[in-house]
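K.L.:
fold the following.
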Amino acid sequence: MRFSIISEYAPTCSLTKSANQSITTLFASTPPLKHFQVAFDTLNSCVGCFSCWLKTPGKCCFKDLSEEISTHMVQDDIIIFVAPIQYGCYSPAIKKVLDRSVPNVLPFFTKIKRKGYPTEIHHAKRYKKIASHIIIAYNESITPKEESTFIALTRANSINFHLPSPMVYICRTREEIDEALLEVKDKLSKEEQHYA
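P.N.:
Got it, this is the predicted structure:
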């Protein structure tokens with residue numbers, strides 16, 4: 001099983017700093033792993049040029065860290081996002097990662113029907129495989145409304161990528177982040193044994 005972790009790099013935020021330290025400690029000996037620490041200025045913003053759909057299918061015109069992240073998104077089994085929540089949404093740095101993953105879908109549209117929901121129109125899949133998402137999100141003072149908004153957002157993102165709803169952990173303390181990371185690590189270890 002292949003998996004990667006995408007987290008924010010923000011040394012001035014104590015929870016983000018703690019989360020990255022915990023990732024390094026807990027997953028140091030767990031291959032195969034790629035840990036991407038993304039700062040807001042690490043990636044170019046998507047400019048909506050559609051080159052990834054029309055000129056260079058599946059590849060963004062910007063050559064930066066997003067190119068490697070996109071490759072992992074279609075080759076790995078699971079992507080783990082460890083990200084701050086701001087106003088019920090991903091932080092700007094992690095939002096850039098998701099915006100720049102548009103090459104992983106096609107410019108064409110398809111209908112998606114989910115049980116209990118009306119049919120929706122979304123971009124069609126480009127690749128047979130896209131990594132499932134596990135999300136460990138944190139904010140010391142998240143409100144119930146922000147939490148429900150964030151969970152709805154993660155589910156909507158999963159539909160866009162033709163994925164099942166992600167496993168989402170909402171954390172308010174370093175201890176809760178560590179507990180979530182440990183639970184995810186145990187889950188991955190069990191799945192690895194199942195595949196062996």
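K.L.:
got the confidence number for the nearest residue in space to residue 129 that is not next to it in sequence?
P.N.:
Among residues not flanking residue 129 along the chain, residue 74 sits closest, at 6.1 Å (C-beta to C-beta, 6 or more residues apart in numbering). (Each C-beta comes from the backbone N, C-alpha and C, glycine too.) On pLDDT, residue 74 comes in at 93.
K.L.:
who does the helix or strand in which residue 74 is found touch, helix- and strand-wise?
P.N.:
In this structure, residue 74 is located in helix 65-75 according to DSSP states H and E. In this structure, helix 65-75 packs against strand 3-8, strand 33-38, helix 92-99, with contacts taken as 3 or more C-beta pairs under 8 Å, 6 or more residues apart in numbering; DSSP states H and E.
K.L.:
list the buried residues of stretch 40-53.
P.N.:
Buried residues in stretch 40-53, counting neighbours by 16 or more other C-beta atoms under 10 Å, are found at 42-43, 46, 52-53.
K.L.:
hmm, I was thinking of stretch 103-119
P.N.:
Judged by neighbour count (16+ other C-beta under 10 Å), stretch 103-119 contains these buried residues: 103-105.
K.L.:
show me what the most centrally placed residue in the chain is bridged to.
P.N.:
Residue closest to the average C-alpha location in the chain (C-alpha atoms, centre = their mean): residue 81, at 4.3 Å. For residue 81, the residues forming beta bridges with it (DSSP bridges) are residue 6, residue 135.
K.L.:
per-residue pLDDT, it?
P.N.:
On the pLDDT scale, residue 81 is placed at 97.
K.L.:
okay, who's weakest in the buried residues of stretch 40-53 by pLDDT?
P.N.:
Looking at these by pLDDT, the weakest one is residue 42, with 88.
K.L.:
any low-confidence regions in this structure?
P.N.:
Scanning the chain for pLDDT under 70 picks out the ranges 31-32, 193-196.
K.L.:
please report phi then psi for the closest residue to residue 92 other than its chain neighbours.
P.N.:
The spatially closest residue to residue 92, leaving aside those adjacent along the chain, is residue 40, at 5.3 Å (C-beta to C-beta, 6+ apart). With angles defined as degrees, to the nearest 10, residue 40 sits at phi -60, psi -40.
K.L.:
cool, and the one 5 residues further on?
P.N.:
Reported as degrees, to the nearest 10, the phi and psi values for residue 45 are phi -80, psi 150.
K.L.:
what's the closest non-adjacent residue to it?
P.N.:
Among residues not flanking residue 45 along the chain, residue 96 sits closest, at 6.2 Å (C-beta to C-beta, 6+ apart).
K.L.:
try residue 67
P.N.:
Skipping the residues right next to it in sequence, residue 67 comes nearest to residue 60 by C-beta to C-beta, 6+ apart, at 6.5 Å.
K.L.:
so what's that neighbour up against?
P.N.:
46, 51-52, 66-67, 70, 100, 103 (C-beta atoms under 8 Å, 6 or more residues apart in numbering).
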